[in-house]
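Asks: quick one, what's the 3D model for this:
(3 chains)
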Amino acid sequence: MTGDNGRGDSQVNCGAKGSDAHKHKDKHKDREHRHKDHKKDKEREKIKHSNSEQKEHSEKKHRDKEKLRHGDGSSDKHREKHKDKDKEKRREDRIQSSHSDKPKKEKENGYVRETSPAAIKSEPEDDNSFYPSPKHNKTSKRECDDEEYEYKPKKVKVEHEKKAKKRKHEYEDDEEDENIKHKKKTKDKKTLEGKKAKKEEEEKWKWWEEERYTDGSKWRFLEHKGPVFAPPYEPMPDKVKFYYNGKPMKLSAPAEEVATFFAKMLDHEYTTKDIFRKNFFKDWRKEMTSEEKSKITDLNKCDFGEMNEYFKAQSEARKQMSKEEKQKIKEENERLLQEYGFCIMDNHKERIGNFRIEPPGLFRGRGDHPKMGMLKRRIRPEDIIINCSKDSKHPKPPPGTKWKEVRHDNKVTWLASWTENIQGSIKYIMLNPSSRIKGEKDWQKYETARRLKKCVDRIRAQYREDWKSKEMRIRQRAVALYFIDKLALRAGNEKEEGETADTVGCCSLRVEHIKLYPKLDEQEYVVEFDFLGKDSIRYYNKIPVEKRVFKNLQLFLENKQPEDDLFDRLNTSILNKHLQELMDGLTAKVFRTYNASITLQQQLKELSCSDDNIPAKILSYNRANRAVAILCNHQRAPPKTFEKSMQNLQTKIDEKQNQLSAARKQLKAAKADHKASHDEKSKKAVEVKRKAVQRIEEQLMKLQVQATDREENKQIALGTSKLNYLDPRISVAWCKKWGVPIEKIYNKTQREKFAWAIDMAEKDYEF
DNA sequence: GTTGTGACTTAGGACATTCCGG
DNA sequence: CCGGAATGTCCTAAGTCACAAC
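Replies: Have a look, this model is predicted:
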């Protein structure tokens, strides 16, 4: 077993569900169904940018295109051929024309103020002495937006003494250390609890009320314990055999470990995929002794069956563990979290996001990944670069090992990093989203989007103008930008061919990804998009565009092969440079943030109804959220049990309905009874029945709301947009305005991440 | 300009835990 | 209290984008 967090093989499971062609097919069909189901969905019509209506019409037709998701890749060589051509074209392109550039603005928002050097605090050892006790410098609420920003010379983050004390309580309560727990018990628990609830809000460190660094540094002081390594490999018991060519064979530990990775995945279809097997076998052989290497020459002759059984039995055993055993594991995890899960950054104890090193296993990228099945090797201390402040207590490498390097770079936010062997990219250990460093950035992101709001009209006017440009590159840029704005497409960086799954974004769209229909059904100038985007999620949409855009697209398509770039004179760097000139800090992805947030705000305005009850309001919120998810194409695989659970729900609704009519009859009867007798007893009976009817009505209502919500949500993932695209202040304001408790919208983790927004947004907040 | 690299955000799926009606 | 659904957490892949180096 590798990572004994119970998820040791997780990277390998990732995407397993969708890994083979059939499954994908199914998945897609499923999604299509869902789209069809949505047809009636009136909510959709209201969505500003959503073109889902059209989407649905054509879905049926599109079944045969299913394979697209993990397409056959047959066009690759072809594409290569055309690369040179592209370059030529680009050269031709510089025909002329001075394009009036907007003067650059000054600075990235929020990072404009003067920095003042900060005192570095290095003391705290003990979990509860993290909060020194400087004077708190209460500043007026900070505006993140540069234009509205008040610049005040500043101290470092400091915490009010009182606050610091309170914080202690908080930690006591949440993350008790044994002896603190003890102390706590001696206190009057009730008082403490009562106070705690009240304090909770006011005592959390409000970094958003403090100044930020303006010199590009991310921190002054950083201390942590280093990462937690994956548990070492535990060899198989001898009785569990591996067979080669029908004969048992004892493997060397390294070879055996890699074999177990494969054995664990035997049930997954992708172990039958050629690329997967090829990659695995190649990497596995590298781990073998020369003797093994000479013996094991054919993966098909390998039998991992017993090993597979063994792991199944193990995971079964884990499920069957007693309460105490489970508790013990939990406690151990908690201990690890306490020890390694936090760091001290600038006087504050902050939660680390991922303090565990990724365990070794077989790589399974998403979609049709050329590297699937490769061995993701075990990370050792010698691979790790530690980042912390000079004057901190440096983390110790495990006994007998060394770090690759210890550096002190406060221009970056990571605590540790290593190079991963599949793509050769760097992986990092960073802080939790609730941390100051992530929160500030997030806040800033939404401020940039709000600045875009102020000038989006101008920018739109500009790109529309550019559709007429004499220069091809400008036209392409303008059309691409139109897509990014209207359809919330991603920028679409170039990718190295053969290194990753074949997916695209706006700038990397190819001819084969769009189809033009001068006339389709009732509509003119329809463009059909069909391509795989990030994570190999299919983007399928039919959308009418303006005539000029359409004509331009026709022009771009002239004399091109399906595998040629649609925008052959454009890439993300050109586009972003242009955007930067239009607005300081503007990049392609800001449009996604902007359009997502503005859509939410609009939808909430439209859908919310003051006499709705809370569940109905939440339904409206979810619908608004859903509009955004559709815009951003955030999909999810329909839950496996969806159909069944839907049926169950329907049965419940039917039952409830029967109950209701029965209850109504009874009420009627009781009323009649009362009319006849006019006595107290019958009057009471009427009341009782009335209440019953009311209650059942409510229950029915609730069920129906639930059914609608769930149905509408079948294949749409709301979480991604909620977490990454929607300015949380919009949601907070909405909650305040309509009296919806914030807990109904954000769970605990989300509330932690958005603490800044929850604290600062009032009901009249406007994005 | 092109290419490569580094840092950081965004993403969906697997798995664990909690919730809820019977 | 039990089982299934819902929700929450963890995991890590896959994007974006700036910047350095040629």
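Asks: okay, CA-based contacts and neighbour counts for the rest of this
Replies: Noted.
Asks: residues of the stretch 251-400 of chain A that sit close to DNA strand B?
Replies: Contact residues (C-alpha under 7 Å from any atom of the strand) of the stretch 251-400 of chain A with DNA strand B: A:Lys330.
Asks: for the residue in the stretch 251-400 of chain A that DNA strand B sits nearest to, helix, strand, or coil?
Replies: Nearest residue of the stretch 251-400 of chain A to DNA strand B: A:Lys330, at 6.4 Å (C-alpha to the nearest atom of the strand). In three-state terms, and counting by DSSP: H, G, I helix; E, B strand; the rest coil, A:Lys330 is helix.
Asks: that one and A:Leu336: what is the separation?
Replies: For A:Lys330, the distance to A:Leu336 (C-alpha to C-alpha, to the nearest Å) stands at 10 Å.
Asks: what does A:Arg592 give?
Replies: 38 Å.
Asks: okay, now the domains of chain A?
Replies: A:243-320, A:325-432, A:438-591, A:598-760 (the TED database).
Asks: wait, does the last one contact DNA strand B?
Replies: When you say that, I think you mean domain A:598-760. Yes. Judged by C-alpha under 7 Å from any atom of the strand, domain A:598-760 comes into contact with DNA strand B at A:632-637, A:652, A:717, A:720-721, A:724-725.
Asks: now do the end-to-end distance for that domain.
Replies: 19 Å.
Asks: does that domain reach DNA strand C?
Replies: Yes. Using C-alpha under 7 Å from any atom of the strand, we find that domain A:598-760 touches DNA strand C at A:641-642, A:644-645, A:648, A:710, A:746-750.
Asks: now do the contacts for the closest residue to DNA strand B within the stretch 101-250 of chain A.
Replies: Relative to DNA strand B, the nearest point of the stretch 101-250 of chain A is A:Lys218 (7.2 Å; C-alpha to the nearest atom of the strand). Contacts for A:Lys218 were tallied using C-alpha atoms under 8 Å, 6 or more residues apart in numbering; they are A:410-413, A:437.
Asks: so what pLDDT did whatever residue of the stretch 151-300 of chain A ends up closest to DNA strand C get?
Replies: In the stretch 151-300 of chain A, the residue that lies nearest DNA strand C is A:Ala230 (9.1 Å; C-alpha to the nearest atom of the strand). pLDDT for A:Ala230: 96.
Asks: look at it and say how many residues are nearby.
Replies: 20 (other C-alpha atoms under 10 Å).
Asks: that one against A:Gly361, yeah?
Replies: No. Taking C-alpha atoms under 8 Å as the definition, A:Ala230 is not a contact partner of A:Gly361, at 11.0 Å.
Asks: by contact count, what packs against the longest helix seen in chain A?
Replies: In chain A, taking DSSP state H as the definition, the longest helix is helix A:642-677. Contact here means 3 or more C-alpha pairs under 8 Å, 6 or more residues apart in numbering; DSSP states H and E; on that basis helix A:642-677 packs against helix A:680-712.
Asks: buried residues in the helix it packs on?
Replies: Buried residues in helix A:680-712, counted by 16 or more other C-alpha atoms under 10 Å: A:682-683, A:685-686, A:689-690, A:692-693, A:696-697, A:699-701, A:703-707, A:709, A:711-712.
Asks: for stretch A:580-593, same thing?
Replies: For stretch A:580-593, by 16+ other C-alpha under 10 Å, it's A:580-593.
Asks: so of these, which ones are in helices?
Replies: A:580-582, A:588-593.
Asks: list just the nearest of those to A:Ile459.
Replies: A:Leu582 (7.1 Å; C-alpha to C-alpha).
Asks: got the buried residues for the helix or strand hosting A:Lys278?
Replies: Taking DSSP states H and E as the definition, A:Lys278 sits inside helix A:274-287. Of the residues in helix A:274-287, A:275-281, A:283-285, A:287 count as buried by neighbour count, 16+ other C-alpha under 10 Å.
Asks: same check, this time on stretch A:750-764
Replies: Applying a neighbour-count criterion of 16+ other C-alpha under 10 Å, one finds A:750-758, A:760-763 buried in stretch A:750-764.
Asks: secondary structure added to these, as CSV?
Replies: Conversion of the buried residues of stretch A:750-764 to CSV gives the following (three-state DSSP):
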residue, secondary structure
A:Gln750, helix
A:Arg751, helix
A:Glu752, helix
A:Lys753, helix
A:Phe754, coil
A:Ala755, helix
A:Trp756, helix
A:Ala757, helix
A:Ile758, helix
A:Met760, helix
A:Ala761, coil
A:Glu762, coil
A:Lys763, coil
